[in-house]
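Enquirer: Sequence plus predicted model, see below.
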Amino acid sequence: TSPPTRGLRAAARVYAGWGFSQAFYWDRLYEQLGYSSLEDFLVGFWEGFFLDDRDANNLLTMLWTWQNSDVGRTPGFNGDTKAALASIKAKTLVMPGEKDLYFPPEDEAWAVQHIPGAELRVIPSVWGHFAGHGSNPVDTAFIDTALKELLAR
């Protein structure tokens, strides 16, 4: 009947440890986003992100997807993830952040080796999962360059 505020606030604190890398916090890079302290960042960014107007069920669905998604479960592949990846025909550029704690480069390297012609290009960033978020101009420039090269092929 109402948002589970306590649970969302707790989820925000847990995600804070995964969304950005340890180096992001050590170097206090949250200050580049306008936050004056770690607590200011945790409340302003993370709690602000989780306690917006979104339906908390969307978060549960996202979590379910992460836990249960496997391209190998696509109809016709009978659980064979490698075969499903091998069937991809699109130009594929996979760009995890170097310090992404959700989708580490090692996991993406495994997937890329099974996609014909795919390229792994790791974003050299301590911004973790948020390297692709658009918050850091250096990461954004790296991504833009890679996309321009991909589209020029």
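Expert: Sure, I can see it. Keep in mind that this is a model prediction, so the values were computed, not measured.

Enquirer: residue nearest the centroid of this protein?
Expert: Ranked by distance to the mean C-alpha position of the chain (C-alpha atoms, centre = their mean), the top residue is H129 at 4.0 Å.

Enquirer: That one: what's it in contact with?
Expert: Residues near H129 by C-beta atoms under 8 Å, 6 or more residues apart in numbering: 18-20, 97, 100-103. Where you see a C-beta, it was placed from the backbone N, CA and C, and this is true even at glycine.

Enquirer: So which of those is the closest to L51?
Expert: Nearest to L51 among those is G19, at 15.3 Å by C-beta to C-beta.

Enquirer: about what we covered before: would you mind measuring from the residue nearest to the centre of the chain to N58?
Expert: Using C-beta to C-beta, to the nearest Å, H129 is found at 17 Å from N58.

Enquirer: Please apply the same query to D139.
Expert: To N58, D139 is 25 Å away according to C-beta to C-beta.

Enquirer: that older thread, doesn't the residue nearest to the centre of the chain fall inside a helix?
Expert: Yes. Using DSSP: H, G, I helix; E, B strand; the rest coil, the assignment for H129 is a helix.

Enquirer: so where do the strands sit in this structure?
Expert: For the chain, applying DSSP state E gives strands covering 93-94, 119-120.

Enquirer: who's in contact with the last one?
Expert: With contacts defined as C-beta under 8 Å, 6+ apart, strand 119-120 is touched by 92-96, 105, 108-109, 112.

Enquirer: Can you give the strand pairings for that strand, parallel or anti for each?
Expert: Sheet pairing of strand 119-120 (DSSP bridges) gives strand 93-94 (parallel).

Enquirer: sorry, back to before: and which of the contacts of strand 119-120 is nearest L51?
Expert: For the contacts of strand 119-120, the nearest to L51 is P96 (27.8 Å; C-beta to C-beta).

Enquirer: wait, isn't that closest one in contact with E108?
Expert: Yes. At 4.5 Å, P96 counts as touching E108 under the criterion of C-beta atoms under 8 Å.
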